[in-house]
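>>> Curious how this folds, go ahead:
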Amino acid sequence: MLTYYYIKSLHLIFVITWFAGLFYIPRLFIYQIEANERPTNEREILLPQLQLMTRRLWFIITWPSAVLATIFAIWLLCMSPEYLHAPWMHVKLGFVVLLYGYHFKCHQILRKQERGIFKWTSNQMRLWNEGSTLILFSVVFLVILKNAFNWLYGVLGIFTLAIMLMLGIKLYKNLREKRGE
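Residues are numbered from 1 along each chain as shown. As a prediction, the model looks like this:
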């Protein structure tokens with residue numbers, strides 16, 4: 001039983017570091033988007049440094065954390081296969097699939113920005129940044145409550161959180177525009 005808790009602890013540690021990477025990588029994307037809009041001399045200094053930071057975060061922290069979190073999750077499920085019969089686990093695994101979709105899209109954005117292709121505005125990227133937050137909230141509540149959600153409250157709660165995040169981003173944008181940033 002002690003081994004189970006060690007594996008669970010490692011799973012949680014790597015989930016946390018994975019999310020840390022997923023929270024920060026869109027910020028670095030935003031900085032690159034904004035640096036790309038600067039005069040040439042500033043852009044030539046800022047972009048290489050931001051791209052180096054992005055690559056290091058992505059390939060040294062985020063990707064390894066995603067892989068290790070998954071390995072330890074599979075190990076836990078092998079140790080306690082009864083969880084695979086729990087409805088809340090099916091929902092959680094659905095959110096994990098969404099999280100990997102988010103992860104792969106971030107990877108795609110990284111590759112495009114490395115090639116100098118900036119298709120997103122900084123405001124669009126700020127909204128994108130909230131995707132991992134919504135998934136995190138959903139998974140944490142699901143795992144702690146251990147039920148497949150009271151769907152009415154769960155869905156309303158997630159939508160309320162999403163609306164609050166979007167309003168916060170809009171407010172932040174308005175404040176930045178007033179300050180001339």
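>>> Give the buried residues for stretch 27-39.
By neighbour count with 16 or more other Cβ atoms under 10 Å, stretch 27-39 contains the buried residues 28-36. The C-beta positions use only the backbone N, C-alpha and C, and glycine is treated the same way.
>>> Please report phi then psi for I7.
Backbone torsions of I7, given as degrees, to the nearest 10, read phi -60, psi -40.
>>> Could you count how many residues lie near it?
17 (other Cβ atoms under 10 Å).
>>> cool, the one 4 residues further on as well?
Counted with other Cβ under 10 Å, the burial measure for H11 works out to 19 neighbours.
>>> where does G157 land on pLDDT?
Predicted confidence (pLDDT) for G157: 77.
>>> Contacts only, for it.
F141 (Cβ atoms under 8 Å, 6 or more residues apart in numbering).
>>> ok, back up a step: inside helices: which ones of the buried residues of stretch 27-39?
28-36 (DSSP state H).
>>> Pick out whichever of the residues you listed sits closest to F72.
Nearest to F72, judged by Cβ to Cβ, of these is L28 at 26.4 Å.
>>> In this structure, where is pLDDT below threshold?
Where the chain drops to pLDDT under 70, the residues are 147-152, 154-155, 181.
>>> Now tabulate the ones in helices among the buried residues of stretch 27-39 in TSV and tack on distance to G180.
Below are these laid out as TSV (distance: Cβ to Cβ, whole Å):
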residue	distance to G180
L28	23
F29	23
I30	18
Y31	18
Q32	21
I33	18
E34	14
A35	18
N36	20
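>>> just to revisit the earlier point, for the buried residues of stretch 27-39, which one is nearest T62?
L28 (10.8 Å).
>>> sec struct for the closest residue to the closest one other than its chain neighbours, please.
Once flanking residues are discounted, L28 sits nearest to T54: 4.5 Å by Cβ to Cβ, 6 or more residues apart in numbering. Recorded secondary structure, T54: helix (DSSP: H, G, I helix; E, B strand; the rest coil).
>>> mind listing the helices for this structure?
2-36, 40-56, 63-79, 87-114, 122-145, 151-179.
>>> Tell me which residues touch I33, please.
Per Cβ under 8 Å, 6+ apart, neighbours of I33: 113, 118, 120-122, 125.
>>> for L46, that is, sorry about that
By Cβ under 8 Å, 6+ apart, the neighbours of L46 are 31, 35, 38.
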